[in-house]
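Engineer: Below is the sequence, then the predicted model.
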Amino acid sequence: MTRLPRLALAALTLTALTASGLPSRAQTTPDADAARIKEHMEVVGVDGRHVGTVDAVKGDTIALTKNDPAAQGQHHAIPVAWVGAVDGRVTLTKSADEAFSQWNPAGRPGGDRTK
């Protein structure tokens, strides 16, 4: 009997669950993810790199703490729509570098850092 690597087995299981009509992580709604996000959770990119720490969830936005080393002393906000999974930490659908280049400094519409 041939043994499948764990990753291949996980992919087959996920495919079977999705085909059976059971929800997969990819099928969760942003509202469901937002309800599971808690203060002080770590936020990581899809690449596993640290992006920040949750300060609060405000509507469809996640406010990140300014005390986190990645924040450089400034609050930042990211949309809940970027969330790919919530399971002990928040994993985004973007890489850490993409998140850093696209996050909004809190209180500055559009992320304009010059004002």
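Structural biologist: Received, thanks. Numbering: from 1, shown residues only.
Engineer: Do you have the strands of the chain handy? List them.
Structural biologist: 42-44, 50-58, 61-64, 76-79, 83-86, 90-92, 104-105 (DSSP state E).
Engineer: all helices for the protein, in order.
Structural biologist: 6-19, 30-36, 96-102 (DSSP state H).
Engineer: ok, and which of the strands of the chain has the densest surroundings?
Structural biologist: strand 90-92 (a mean of 24; mean count of other C-beta atoms under 10 Å). Backbone N, C-alpha and C define where each C-beta goes, glycine included.
Engineer: avg pLDDT for stretch 78-85?
Structural biologist: Averaging pLDDT along stretch 78-85 gives 95.
Engineer: Identify the residues contacting that stretch?
Structural biologist: 25-26, 28, 30-31, 33-34, 37, 43, 46, 51-52, 57, 60-62, 64, 90-94, 99, 102-104 (C-beta atoms under 8 Å, 6 or more residues apart in numbering).
Engineer: low-scoring pLDDT stretches of this protein, where are they?
Structural biologist: 1-32, 107-115 (pLDDT under 70).
Engineer: Recalculate using a threshold of 80.
Structural biologist: Along the chain, the model assigns pLDDT under 80 to residues 1-33, 106-115.
Engineer: Now do the contacts for A106.
Structural biologist: A63, Q74, H75, H76, A77.
Engineer: Please produce TSV containing these, extended by distance to V86.
Structural biologist: Shown next, in TSV, are those (distance: C-beta to C-beta, whole Å):
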residue	distance to V86
A63	16
Q74	24
H75	21
H76	18
A77	17
